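K.L.:
my questions are about this predicted structure, shown below with the sequence.
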Amino acid sequence: MKVLVPVKRVVDANVQVRVASDNSGVDLNNVKMAINPFCEIAVEEAIRLREKDVASEVIVVSVGTKACQEQLRTALALGADRAILVETDEDLQPLAIAKLLKAVSDKEGAELTIFGKQSIDEDNGQTGQMFAALAGLAQGTFASEITIDGGKLTVSRETDTGEQTLTLNMPAVITADLRLNEPRYASLPNIMKAKKKPMDVVTPADLGVEVTSNIKTLKVTPPAERAAGIIVESVEDLVDKLKNVAKVI
């Protein structure tokens, strides 16, 4: 069974994001980039499936500029078998990315596609669901546990009201929640081996997909600064502040 794992290049989670001086977007100059943390969880789960002999091959794919090769090599160092870069300089939206990933999936014949549930830069949480709809596949979103047995995929997912268990027919699509696993670290030998693992580079035109975006970002601004909070001495003081200062009660 082939497992396809899309990975996204994002600003490292430990970096404080700054808005560009012209308000066109986020300032990426000299900023450390990394694999989106939820995508890293998806990669880990795919590798565990291969280690259990459930999966035969783990393929990581990224859509973006040539710089995304860095994150693909990281995923290969973690244990993925090969990588595919859909190279484009366009600022793509989730639907266009889902169309490109579907084209890659159709070409590779993947039986399971594991997404991170969302990216930490735009937080849309849409691409996995759009991909499943385009491909006509069953989907289990926000998965906290998955098992595969006899062509059936069982997914446990946390909801606002408790835990839900779904049974899906393969092929299927999963989006990984934070609780699915704890990603491993890449060892130095595996980092060296990753340099020799195959990476194919294709373009949207090669896949026959039109990627022109219908959405344009007009302006990006940082959130307004908030005044510092205050410390009250008692519950009575708190109630008084809420009633007479904040006027929320």
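P.N.:
Good, I have the coordinates.
K.L.:
longest strand in this protein, please.
P.N.:
strand 138-149 (DSSP state E).
K.L.:
can you name the next helix or strand after that one?
P.N.:
Beyond strand 138-149 on the C-terminal side, the first helix or strand identified by DSSP states H and E is strand 152-159.
K.L.:
any idea of the angle the very next helix or strand once past that following strand forms with strand 138-149?
P.N.:
Toward the C-terminus, strand 152-159 is succeeded by strand 162-169 as the next helix or strand (DSSP H and E). Per axes from the mean of the first three to the mean of the last three CA atoms, to 10 degrees, the angle that strand 162-169 makes with strand 138-149 is 80 degrees.
K.L.:
angle of strand 162-169 against strand 152-159?
P.N.:
Per the same axes, to 10 degrees, the angle that strand 162-169 makes with strand 152-159 is 160 degrees.
K.L.:
and the angle from whatever helix or strand comes next after strand 162-169 to strand 162-169?
P.N.:
Scanning forward in sequence from strand 162-169 by DSSP H and E, the next helix or strand is strand 172-176. Angle, strand 172-176 to strand 162-169, by the same axes, to 10 degrees: 150 degrees.
K.L.:
what's strand 172-176 in contact with?
P.N.:
The contact list for strand 172-176 (CB atoms under 8 Å, 6 or more residues apart in numbering) reads 38, 41-42, 45, 112-118, 125, 128-129, 131-132, 135, 137-143, 146, 153, 155. C-beta: built from backbone N, CA, C; applies to glycine.
K.L.:
stretch 194-206 now?
P.N.:
Outside of stretch 194-206, the residues within contact range by CB under 8 Å, 6+ apart are 69, 72-74, 76-77, 80-88, 90, 100, 104, 186, 210-211.
K.L.:
those residues, buried ones only, as a PyMOL selection?
P.N.:
Once 16 or more other CB atoms under 10 Å is used to decide burial, the buried members of those can be selected in PyMOL as follows:
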select buried, resi 69+72+73+74+76+77+80+81+82+83+84+85+86+87+88+100+104+186+211
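K.L.:
among the contacts of stretch 194-206, which lie within strands?
P.N.:
For the contacts of stretch 194-206, membership in strands holds for R82, A83, I84, L85, V86, E87, with DSSP E as the criterion.
K.L.:
and those residues, which is closest to V10?
P.N.:
Nearest to V10, judged by CB to CB, of the ones in strands among the contacts of stretch 194-206 is L85 at 15.8 Å.
K.L.:
remind me which helix or strand the nearest residue to the closest one once chain neighbours are set aside belongs to.
P.N.:
The shortest distance from L85 to any residue that is not its chain neighbour, by CB to CB, 6 or more residues apart in numbering, is 4.8 Å, and that residue is V201. Assigned by DSSP H and E, V201 falls within strand 199-202.
K.L.:
name every strand pairing with that strand and say which way it goes.
P.N.:
Listed by DSSP bridges, the sheet partners of strand 199-202 and their directions read strand 82-87 (parallel).
K.L.:
just how off-centre is the partner strand within its chain?
P.N.:
Chain-centre distance of strand 82-87: 15 Å, with CA atoms, centre = their mean, to the nearest Å.
K.L.:
send the alpha carbons of it over as PDB?
P.N.:
Output of strand 82-87 as PDB, limited to C-alpha atoms (Å, rounded to 0.1, in the frame of the first residue of the first chain):
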ATOM      1  CA  ARG A  82      10.800   9.300  -1.900                       C
ATOM      2  CA  ALA A  83       9.600  12.800  -2.500                       C
ATOM      3  CA  ILE A  84       7.800  14.900  -5.200                       C
ATOM      4  CA  LEU A  85       7.900  18.600  -5.500                       C
ATOM      5  CA  VAL A  86       5.200  20.400  -7.500                       C
ATOM      6  CA  GLU A  87       7.300  23.500  -8.200                       C
END
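K.L.:
which residues sit against it?
P.N.:
Taking CB under 8 Å, 6+ apart as the criterion, the residues outside strand 82-87 that touch it are 57, 59-66, 68-69, 72-73, 75-76, 100, 104, 108, 197-204, 207.
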